[in-house]
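Participant: need coordinates for the following:
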Amino acid sequence: MTILLTVLGIAIFAVGLLFSIALHELGHLSTAKLFGIRVPQYMVGFGPTLWSRKKGDTEYGLKAIPLGGFIRMIGMFPPGADGRIEARSTSPWRSMIEDARSAAFEELQEGDETKLFYTRKPWKRVIVMFAGPFMNLVLAVVIFMGVAMSFGFQTQTTEVAGVQKCVISQDVAREKCEASDPVSPARAAGLKEGDKIVAFNGQRVDDWSALSGLIRETIGPATITVERDGKEQVLQATLAKNMVAQKNSDGEVVPDKFVPAGYLGFAAATEIVPLSFGDSVDRMGDMIVTGVESIVALPSKIPDLWNAAFSDGDRKDDSPVGVVGAARIGGEVMTLDVPTQNQMAMMLFLLAGFNLSLFLFNMLPLLPLDGGHMAGALWESARRKLARLFKRPDPGPFDVAKLMPVAYVVAGVFICFTLLVLIADVVNPVKIS
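Facilitator: Sure thing, here's the model as predicted:
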C-alpha cells in the first residue's frame, strides 16, 4: 500500500509539473503571437515526440521527458554584421554564434520578414520573455494564497499541550530532569494540559506570538488566567530565568542561538488556522524573500551536496532539491498518516514552491535563461536611447548571439549542478518524515 501511495504522490506531482511547464510556455506563446511573431513549435517536455498536432502555423506537442518545455520563435537573433544568416568559421566560439544565428532562421518562410522576434521593439521582447516565468509566479501566488486562506498553516496556540516537569536550560542537550533541576513554574502554579491561557498579568492574549513575548519579558511573579472546564481561573506563578531559543524580528526561532529570558515551562498546542488575506500576503512575501536568498546561497550549498551525494554527509533540510527530489517528497506526502486534506495542502504548497523557484531562477540575467534575453533587450533599448541623446547613428539590434559562448558555459554549469542534485536526490534524499 505504501508503494502505491508513493507512486500516486509522484504521479500527482508529475501532472502538476507538466501543467506548470505548459503554463510557462503558454505565456511565451500567447505574447509572441500577440506581437505578430511566428512560433513554429510549442512543446511540453524534451526528447521523442509522443503526440503533436499542427494548428495554424504552430505545431503543439507533448514529448517523452517531462523535465521542461520550449517554444520556437523565428528570428531570435539578428543576422550578422554582413547581413548573412549562415556562415562558417574555424573558431569554435565563432561557430557557436553562427550556429545559433542559423538555427534562429532555419524555418524562415516567405513573408516571415515581418514576423521575426529580433525586429520587435525591446519592450515587446521583454514582455514575451517575461511572460513565461510570470505565469509561474501567478500560479505560485494563486495556489499559495488559496490554500493559506482556505486551509491554513500549522500554528501554535495559547492552549497547553503539556507541562514541563522541571527547568532545563534549552542550550543543554538533554530532556530528562535531574535531582538538582528546579520544578518548572508552570507545574508549580498548577497549569494543566488542556488549559487555555486567555490572559497574562491581566493582559488578554489570543495568539501564541503575543503570549510568548510576554512570558519572555517576565522574570518573577506573574498571574496567568486560564480557561478550564468552561470557567476562567487565575493562577499565580513565579517565572524563572532560563536560556531559551533566540527569536528573530519575525518571531521565528534562530537555529542554535540561545538567550536568557523568562521561562514558564509548557508546550503550546498546535492547530491548522486559515490566514487572513493580509497575513497570507505577508507570508507570501516572506516566501519570495526566502526564495531569493536560497538562489543567492546556491553556490555555498555545493560542498554539502557533494558530501551528501558521494560521502556519508547528512542531507540538510535546506539543501537544494531537483525535480526528482521534489517528486519523491510528493510521494512521501501521500504516505503520511494525516488527513487527506492535509496531504492535498502539502502537495499544493510543494507545487507553489516549485513554481516560485522557476520564476526566480528564470529571472537571472544569464543566457540561455529568459532573464538573459530580457537583459539583452533592455541593453539594446538603453544604447539606442543613448545614441539618440548624443545624436549618434542607431547602433541597431543588440546581437545576443554573440553571448552564446557564455550561454554554453552557463548551461554547462547548470547541467553539472543539476546532475549533482539529481545524484543527491537519489542516494541521499531530503525527507519530510
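Participant: check contacts around R315.
Facilitator: D304, A308, A424, N428, P429, V430 (C-beta atoms under 8 Å, 6 or more residues apart in numbering). Every C-beta, even on glycine, is put in place using the N, C-alpha and C of the backbone.
Participant: and for the fifth one, the neighbour number?
Facilitator: Applying the criterion other C-beta atoms under 10 Å, we find 16 residues in the vicinity of P429.
Participant: so it makes contact with A326?
Facilitator: No - if you go by C-beta atoms under 8 Å, P429 and A326 don't touch, sitting 10.1 Å apart.
Participant: can you give me the helices in the stretch 201-350 of the chain?
Facilitator: 208-217, 277-296, 298-310, 323-333, 340-362 (DSSP state H, counting those that start in this stretch).
Participant: related to what we said a few turns ago, which one among the contacts of R315 gets closest to V296?
Facilitator: Nearest to V296 among those is D304, at 15.8 Å by C-beta to C-beta.
Participant: ok, now how distant is that closest one from K33?
Facilitator: Distance, D304 to K33, by C-beta to C-beta, to the nearest Å: 44 Å.
Participant: now swap in A237 and tell me
Facilitator: For A237, the distance to K33 - C-beta to C-beta - is 69 Å.
Participant: could you do A267 as well?
Facilitator: 58 Å.
Participant: ok, now D112?
Facilitator: Per C-beta to C-beta, D112 is found 14 Å from K33.
Participant: likewise for V163?
Facilitator: Relative to K33, and taking C-beta to C-beta, V163 is found at 65 Å.
Participant: same check, this time on P368
Facilitator: 22 Å.
Participant: returning to what we had before: ok, A267 and K33, which is more surrounded?
Facilitator: Remark: of A267 and K33, K33 carries more neighbours, 18 against 14, as counted by other C-beta under 10 Å.
Participant: which residues does that one contact?
Facilitator: V39.
Participant: bridged to the closest residue in space to T218 that isn't next to it in sequence, which residues?
Facilitator: Spatially, and ignoring its direct neighbours in sequence, T218 is nearest to G262 (4.3 Å; C-beta to C-beta, 6 or more residues apart in numbering). Assessed by DSSP bridges, G262 has beta-bridge partners K241.
Participant: and T158, which of the three is it?
Facilitator: Of the three states, T158 takes strand under DSSP: H, G, I helix; E, B strand; the rest coil.
Participant: where does pLDDT dip in the stretch 51-200 of the chain?
Facilitator: The stretch 51-200 of the chain contains residues with pLDDT under 70 at 80-107.
Participant: at 90 what do you get?
Facilitator: Applying pLDDT under 90 to the stretch 51-200 of the chain flags residues 56-57, 63-119, 151-157, 167-181.
Participant: strands along that one, start to end?
Facilitator: 58-72, 153-163, 196-200 (DSSP state E, counting those that start in this stretch).
Participant: in the second one, what counts as buried?
Facilitator: Within strand 153-163, the residues scored as buried using 16 or more other C-beta atoms under 10 Å are F153, T155, Q156, T157, T158, E159, V160, V163.
Participant: now do the same contact list for the third one.
Facilitator: The contact partners of Q156, by C-beta under 8 Å, 6+ apart, come to W208, A268, A269, T270.
Participant: save these as JSON lines, and put in neighbour count too.
Facilitator: Converted to JSON lines, the contacts of Q156 look like this (neighbours: other C-beta atoms under 10 Å):
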{"residue": "W208", "neighbour count": "18"}
{"residue": "A268", "neighbour count": "16"}
{"residue": "A269", "neighbour count": "18"}
{"residue": "T270", "neighbour count": "14"}
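Participant: make JSON lines from those residues and add pLDDT to it.
Facilitator: Formatted as JSON lines, the contacts of Q156 follow (pLDDT from 0 to 100):
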{"residue": "W208", "pLDDT": "87"}
{"residue": "A268", "pLDDT": "89"}
{"residue": "A269", "pLDDT": "89"}
{"residue": "T270", "pLDDT": "86"}
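Participant: re earlier: need the strands of the stretch 51-200 of the chain in TSV (columns: distance to F349).
Facilitator: Shown next, in TSV, are these (distance: least, C-beta to C-beta, whole Å):
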stretch	distance to F349
strand 58-72	21
strand 153-163	9
strand 196-200	28
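Participant: between those strands, which gets nearest to S300?
Facilitator: Among the strands of the stretch 51-200 of the chain, the nearest to S300 by C-beta to C-beta is strand 58-72 (25.3 Å).
Participant: and the closest one with helix 340-362, angle?
Facilitator: Interaxial angle, strand 58-72 versus helix 340-362 (axes from the mean of the first three to the mean of the last three C-alpha atoms, to 10 degrees): 60 degrees.
Participant: picking up where we left off before, from the contacts of R315, which two are the most distant?
Facilitator: Farthest pair in the contacts of R315 (C-beta to C-beta) is D304 and P429. Separation: 14.0 Å.
Participant: ok, G75 touching T114?
Facilitator: No - taking C-beta under 8 Å as the definition, G75 is not a contact partner of T114, at 10.2 Å.
Participant: more crowded one of those two?
Facilitator: The neighbour count for G75 versus T114, taken as other C-beta under 10 Å, is higher for G75 (22 against 9).
Participant: who touches that one in this structure?
Facilitator: G75 is in contact with I37, A104, F105, L108, D112, K115, L116, F117, Y118, T119, counting by C-beta under 8 Å, 6+ apart.
Participant: tell me the one of the residues you listed nearest M344?
Facilitator: I37 (38.8 Å).
Participant: is the closest one in a helix, a strand, or coil?
Facilitator: Three-state call for I37 (three-state DSSP): coil.
Participant: can you pull the pLDDT of it?
Facilitator: pLDDT recorded at I37 is 91.
Participant: please report the distance of it from A401.
Facilitator: In terms of C-beta to C-beta, I37 sits 17 Å off from A401.
Participant: do the same with E59
Facilitator: Taken as C-beta to C-beta, the span from E59 to A401 is 24 Å.
Participant: who's more crowded, those two?
Facilitator: A401 (25 against 16).
Participant: chain neighbours aside, what residue packs nearest to that one?
Facilitator: Once flanking residues are discounted, A401 sits nearest to F77: 3.9 Å by C-beta to C-beta, 6+ apart.
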